[in-house]
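K.L.:
Prediction below, plus the sequence it came from.
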Amino acid sequence: INQQDNNIYIIRAYSNRAYSYAKLFYYQEAISDYTKVIELDCTNAHAYHNRGISYDKLGLFDLAINDFSKVLELDSGNHDLDNDNDDDNDNDIDISSNSLSTMQ
């Protein structure tokens, strides 16, 4: 296995562990592993996205916004990013133009 292949496996391992931590509500541990993924691959939009969700769950909203902004910078055309570690879909906020117009 060459170094690039090895990094892919390491990134996958950290990502999977971070996802597992988040599912168990261990958000600080998930953040730590997603941060390691980002250190290994600073263009990994999924890691920024999922770390942002974990920050949000801990009430660290400024950090969450920073990560979500980075996702938009890296991958603004990708609408496939979903809430991988967000089980609480009932509390998702809809900010579409339709919902905003009904709020006014």
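P.N.:
Everything's here; your move. In this text, all values refer to a predicted model and were calculated from it rather than measured experimentally.
K.L.:
Following the chain onward from the longest helix seen in the chain, which element is next?
P.N.:
When the chain is parsed with DSSP state H, its longest helix is helix 3-23. Once helix 3-23 ends, the next helix or strand along the chain (criterion: DSSP states H and E) is helix 27-40.
K.L.:
could you check the angle helix 3-23 makes with that following helix?
P.N.:
Using axes from the mean of the first three to the mean of the last three CA atoms, to 10 degrees, the inter-axis angle of helix 27-40 relative to helix 3-23 is 160 degrees.
K.L.:
Residues contacting helix 27-40, please?
P.N.:
With CB atoms under 8 Å, 6 or more residues apart in numbering as the test, helix 27-40 has contacts from 7, 10-11, 14-15, 17-19, 21-22, 44, 47-48, 50-51, 54-55, 57-58, 85. Using the backbone N, CA and C atoms, a C-beta is placed for each residue, glycine as well.
K.L.:
try it again with 7 Å
P.N.:
7, 10-11, 14-15, 17-18, 21-22, 44, 47-48, 50-51, 54-55, 57-58, 85 (CB atoms under 7 Å, 6 or more residues apart in numbering).
K.L.:
what do you get for stretch 68-76?
P.N.:
Against stretch 68-76 from outside (CB under 7 Å, 6+ apart): 43, 45, 48-49, 52, 81.
K.L.:
what stretches of the protein score poorly on pLDDT?
P.N.:
1, 78-104 (pLDDT under 70).
K.L.:
cutoff 80 now
P.N.:
Counting by pLDDT under 80, the ranges of the chain that qualify are 1, 76-104.
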